[in-house]
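Novice: return atomic coordinates for the entry below.
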Amino acid sequence: MGLSKIKPYKDSDLGKKEQVTKMFDTISGDYDGLNRVISFGIDVKWRKKVVELVRATNPESILDIATGTGDLAINLAKTNASKIIGLDISSGMLEIGKEKIKSKGLNDKIEMVLGDSENMPFEDNTFDAITVSFGIRNFETLENGLKEILRVLKPNGVFVILETSVPTKAPYKQGYKIYTKSILPLIGKIFSKDRSAYKYLSESASVFPHGEALNNILRKIGFINVEDFPQTFGVATIYKSSK
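Specialist: So this is what the prediction gives:
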């Protein structure tokens, strides 16, 4: 099954983009807490590694795509960047992110923008660094989203992805399959208002291209210096590339 065919609400007449927006608006209040539960808190460590990779390039401006409630954008404030923009298609997620940013006194540094990652409201060659964590598999068309990222990234700028992946070695491969097929949807069913959401998240993660497959897509789009760094037995991977 192709990624574009996996949608949160299979009986809906809405397209994938509209369904994903509806899904994240619905689960926005549960999202942060459930992320910690689902990943056993390890996602915090993964985001810190993304920040380290970005900080090493000394960016002035950063765009965090599919920023959600702003976890990564807030972490990126630890870099020396003077401006960070968090972009997301879900107004519900952004509203929670804005409250978090305000509570941390980061309003002058971080701006949250409602927008579509596949049609961004930015000029060519705008950002020194672009990040996306657990968001590219929600693009309606992966290649269109990546082309937009390449467009708004400055020459020599860095692009860092954090995304789920599938372990390839036993017993982690078997354990991951059991967790995503049975345990993850159950957690979502118990703790979330939207039972379909976490079923969709586990299904989309299982079929999304990862490792060398995603590296090759990045190269095809035009990114250079493509590298990947598997995390925690391969359940997530960090990808770094440039323009």
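Novice: could you pull out the helices for the chain?
Specialist: Counting by DSSP state H, the segments of the chain that form helices are 16-38, 42-55, 71-76, 91-103, 142-152, 172-178, 184-191, 195-207, 212-221.
Novice: dump those to a markdown table, plus mean neighbour count, mean pLDDT and distance to residue 162.
Specialist: To be clear about C-beta, it is placed using only N, CA and C from the backbone, and glycine gets the same treatment. Supplementary listing: the helices of the chain in a markdown table, determined by neighbours: other CB atoms under 10 Å; pLDDT from 0 to 100; distance: least, CB to CB, whole Å:
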| stretch | mean neighbour count | mean pLDDT | distance to residue 162 |
| --- | --- | --- | --- |
| helix 16-38 | 18 | 75 | 12 |
| helix 42-55 | 17 | 95 | 5 |
| helix 71-76 | 24 | 97 | 8 |
| helix 91-103 | 18 | 96 | 17 |
| helix 142-152 | 19 | 97 | 14 |
| helix 172-178 | 14 | 75 | 17 |
| helix 184-191 | 16 | 70 | 18 |
| helix 195-207 | 20 | 72 | 13 |
| helix 212-221 | 15 | 97 | 12 |
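Novice: put together CSV for these, with distance to residue 64 on each row.
Specialist: Shown next, in CSV, are the helices of the chain (distance: least, CB to CB, whole Å):
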stretch, distance to residue 64
helix 16-38, 15
helix 42-55, 10
helix 71-76, 4
helix 91-103, 10
helix 142-152, 11
helix 172-178, 27
helix 184-191, 24
helix 195-207, 19
helix 212-221, 18
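Novice: who wins for proximity to residue 119 among these?
Specialist: Each of these has some distance to residue 119 by CB to CB; the shortest is helix 142-152, at 6.9 Å.
Novice: which elements pack onto that closest one?
Specialist: strand 61-65, strand 127-133, helix 212-221 (3 or more CB pairs under 8 Å, 6 or more residues apart in numbering; DSSP states H and E).
Novice: list the contacts of that helix.
Specialist: Helix 142-152 is contacted by residues 3, 63, 65, 117-120, 122-127, 130, 132, 136, 139, 159, 217-218, 220-223, 243 when judged by CB atoms under 8 Å, 6 or more residues apart in numbering.
Novice: I'm done for today, thanks for sticking with me.
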